[in-house]
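structure here, sequence nowhere to be found:
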């Protein structure tokens with residue numbers, strides 16, 4: 001049996017056990033231990049799939065365990081649970097958000113709450129906006145960070161999330177312990193959507209004072225490159241959404257194009273110092289950014305521009321060396337213009 005099937009079977013069994021504990025009538029609080037254990041092992045990247053599985057299995061289990069109508073007197077009082085966040089019933093989802101208190105038991109359940117910002121019922125989205133901040137404060141920071149890493153990387157594909165909803169998530173990220181954990185993940189993670197996360201975090205100023213550290217120490221070259229580009233260009237950019245653009249309206253052809261937003265940076269690190277550091281980076285992705293910025297600001301760099309251009313021209317990466325040779329040609333033209 002494949003590992004994925006073993007995990008799914010474990011989740012289904014945990015959901016059924018949880019449903020049994022709700023209907024047992026012997027507990028005031030349902031037993032979530034096996035469900036927490038099972039969902040803690042689930043990847044947050046396949047959330048749509050797991051929501052469908054868990055919602056269907058939970059709904060089916062409750063129906064099967066429901067007592068006959070003639071025994072209505074023995075039916076235990078209905079309890080709202082964390083799984084009601086994905087109920088088929090929008091009223092239940094809203095009530096669950098407004099009723100459940102305390103910490104989310106793991107990152108999976110906190111993600112369930114976060115995803116309600118993209119719910120198809122407006123009242124549920126409003127309830128999520130009203131309650132997520134307090135829920136995040138009560139939940140373990142590691143769970144919050146793990147859930148937000150996934151949410152921020154995917155929210156541009158959420159069709160119903162609004163700017164007000166995004167502000168709520170950014171306010172949560174701006175909390176000191178969450179912000180510190182986010183920066184640590186950006187620097188230390190060797191895989192995952194860290195470059196897109198970096199861009200989205202640029203909406204706030206939580207990274208501003210740490211950009212030099214991220215540029216020097218981040219494990220992923222793409223993250224270092226984005227940090228250097230932001231410092232060198234004195235601005236940080238992100239994709240704020242997507243809009244439809246017609247390519248040929250006669251044939252109703254078009255595509256979704258990104259909407260790029262940006263924010264100015266106030267950094268005191270000299271451009272030349274940044275160029276020197278990025279030119280020595282071990283990744284050609286970063287060195288290429290350095291070469292591109294050099295080309296745009298040859299006169300501003302001054303006499304050291306030729307040294308950098310010659311260095312880039314000899315780079316082992318063709319993408320970097322091409323830009324180095326182009327910079328040298330531009331410098332020669334500038335010299336001829338100045339001498340004439």
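Arrived safely, thanks for sending. If you're wondering where the values come from, they're calculated on a predicted model, not measured in any experiment. Numbering: from 1, shown residues only.

show me where the stretch 151-300 of the chain has helices.
Taking DSSP state H, counting those that start in this stretch as the criterion, the stretch 151-300 of the chain carries its helices at 163-173, 176-188, 194-201, 211-217, 221-233, 271-279, 284-296, 298-301.

quick one: which of these is nearest residue 311?
Minimum separation from residue 311 across the helices of the stretch 151-300 of the chain (Cβ to Cβ) falls at helix 271-279, 6.0 Å. Backbone N, C-alpha and C define where each C-beta goes, glycine included.

from the contact counts, what lies against that closest one?
Packed against helix 271-279 by the contact rule (3 or more Cβ pairs under 8 Å, 6 or more residues apart in numbering; DSSP states H and E) you find helix 211-217, helix 221-233, helix 284-296, helix 298-301, helix 304-313.

hmm, back to that, dump the helices of the stretch 151-300 of the chain to a markdown table, plus distance to residue 41 and mean neighbour count.
Listed next are the helices of the stretch 151-300 of the chain as a markdown table, based on distance: least, Cβ to Cβ, whole Å; neighbours: other Cβ atoms under 10 Å:
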| stretch | distance to residue 41 | mean neighbour count |
| --- | --- | --- |
| helix 163-173 | 25 | 17 |
| helix 176-188 | 20 | 17 |
| helix 194-201 | 22 | 21 |
| helix 211-217 | 30 | 18 |
| helix 221-233 | 27 | 23 |
| helix 271-279 | 40 | 18 |
| helix 284-296 | 33 | 22 |
| helix 298-301 | 52 | 15 |
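
before we move on, back to that, now tabulate the helices and strands packed on helix 271-279 in CSV and tack on mean pLDDT and distance to residue 335.
Converted to CSV, these look like this (pLDDT from 0 to 100; distance: least, Cβ to Cβ, whole Å):
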stretch, mean pLDDT, distance to residue 335
helix 211-217, 94, 32
helix 221-233, 95, 24
helix 284-296, 95, 16
helix 298-301, 82, 11
helix 304-313, 93, 9
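
relative to residue 58, which of those helices is closest?
Going by Cβ to Cβ, the one of the helices and strands packed on helix 271-279 nearest residue 58 is helix 221-233, 38.7 Å.

could you list the residues in contact with the closest one?
For helix 221-233, contacts defined as Cβ atoms under 8 Å, 6 or more residues apart in numbering pick out 186-187, 194-195, 198-199, 202, 211-212, 214-216, 218, 236-237, 265, 267, 269, 271, 274-275, 277-278, 281, 283, 285-286, 288-290, 293.

great, nothing more from me.
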